[in-house]
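Novice: Need a 3D model of the following:
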Amino acid sequence: MHAGLPKYIPVNLKDIETAGFQEGGEVSLETLKEKSLINPSGRERKRPLKILGNGELSVKLNIKARAFSASAKEKLEAAGCSLIELPGRKNWVKPSVTKNLARAEENFAKKKAAAAATEPASG
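Specialist: Next comes the predicted model:
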């Protein structure tokens, strides 16, 4: 069961501020591990990073994370930081389902084109 397990490794802005990153430095899961700000072990090793808005940030940084809280995004944009939102993992889809979705999309496009071709003639 996955009930109650966190989806992310949370890091607050105040923790990033106290870690002593240089102006223009990069904040990512790897750099936070190097600075011993986080120590993911066990299940947490596979969890992505989420930046939370508790605290303030005074330096401009390049921040790479899977998710940002609304308040963190607002504060980081105000501080002039560049935010890079990393893509999530894609869910596995059965190959036959993928093929059927592609066919349905193709048929829908053909019907739409046929409807568009007949519409001007009748108008």
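
Novice: so who does the residue nearest to the spatial centre of the chain touch?
Specialist: Per Cα atoms, centre = their mean, the C-alpha nearest to the average position across the chain is that of residue 66, at 3.3 Å. Neighbouring residues of residue 66 by Cβ atoms under 8 Å, 6 or more residues apart in numbering: 8, 48-50, 85-86, 88. C-beta coordinates here come from the backbone N, C-alpha and C atoms, glycine included.

Novice: Does residue 87 belong to a helix, a strand or coil?
Specialist: Residue 87 carries the three-state label coil when classified by DSSP: H, G, I helix; E, B strand; the rest coil.

Novice: wait, residue 74
Specialist: With three-state DSSP as the criterion, residue 74 reads helix.

Novice: correct me, but it touches residue 53?
Specialist: Yes. Counting by Cβ atoms under 8 Å, residue 74 touches residue 53, with 7.2 Å between them.

Novice: More neighbours: which of the two?
Specialist: Neighbour count, other Cβ atoms under 10 Å: between residue 74 and residue 53, residue 53 has more, with 18 against 12.

Novice: Excluding chain neighbours, what is closest to that one?
Specialist: Among residues not flanking residue 53 along the chain, residue 71 sits closest, at 3.0 Å (Cβ to Cβ, 6 or more residues apart in numbering).

Novice: what separates the one you found from residue 113, distance-wise?
Specialist: Residue 71 is 46 Å from residue 113, where distance means Cβ to Cβ, to the nearest Å.

Novice: The nearest residue to residue 17 once chain neighbours are set aside: how many residues sit nearby?
Specialist: Among residues not flanking residue 17 along the chain, residue 57 sits closest, at 5.5 Å (Cβ to Cβ, 6+ apart). When neighbours are counted by other Cβ under 10 Å, residue 57 registers 22.

Novice: Model confidence for residue 57, exactly?
Specialist: pLDDT recorded at residue 57 is 87.

Novice: where along the protein do the strands fall?
Specialist: 9-12, 26-27, 49-52, 62-65, 67-68, 82-85 (DSSP state E).
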